[in-house]
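Q: Provide a 3D model corresponding to the input given below.
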Amino acid sequence: MDETTEQLNRVFAALADPTRRDLVARLAAADATVGELAEPYDMSLQAISKHVKVLEEAGLVTRSKVAQRRPVHLDAEVFDLMTKWIERYRRTAEERYRRLDAVLSRMSGTDQPQEDAS
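A: Residues are numbered from 1 along each chain as shown. Prediction:
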């Protein structure tokens, strides 16, 4: 397994948890400390810290030190990797549907694929 595949596996596994997805959504708006991230949850600071560690190991977030604060920062670069992976399969699926539309069009006796009415 190559490094990119391993990273994608870590990212998707990290995002499988709803709390971690929520943390990512909150970090998209602004950096925050683990304490700030923990505020809306009914779980310990240690539990949130473990979630942040999983996100960090997946490459989704980084931590820095600014004076006494240790803010967590969302790393958007990983999203480019995920987007490319998803886009590749989306294009493949769309091409399959175009071919199916063409076959169905030929079977119905029309030359043009039917437009989606939705």
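Q: verify the assumption that Met107 is located in a strand.
A: No. Read with DSSP: H, G, I helix; E, B strand; the rest coil, Met107 is helix and lies in no strand.
Q: for Arg98, see how far away Leu104 is.
A: 11 Å (C-beta to C-beta, to the nearest Å). Bear in mind the C-beta positions are built from the backbone N, C-alpha and C, glycine included.
Q: now the helices for this protein?
A: Under the criterion DSSP state H, the chain contains helices at 3-15, 18-29, 34-38, 45-57, 77-108.
Q: let's have these in TSV, adding distance to Pro71, mean neighbour count and mean pLDDT.
A: As requested, the helices of the chain are exported to TSV (distance: least, C-beta to C-beta, whole Å; neighbours: other C-beta atoms under 10 Å; pLDDT from 0 to 100):
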stretch	distance to Pro71	mean neighbour count	mean pLDDT
helix 3-15	19	14	92
helix 18-29	9	15	96
helix 34-38	8	18	95
helix 45-57	11	16	96
helix 77-108	18	11	86
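Q: to Ala67, which of those helices lies closest?
A: helix 34-38 (14.6 Å; C-beta to C-beta).
Q: other residues contacting the closest one?
A: Residues outside helix 34-38 that contact it (C-beta atoms under 8 Å, 6 or more residues apart in numbering): 23, 26-27, 44-45, 48-49, 52, 70, 72.
Q: what does stretch 69-76 give?
A: 24, 27-28, 31-34, 37, 52, 55-56, 59-64.
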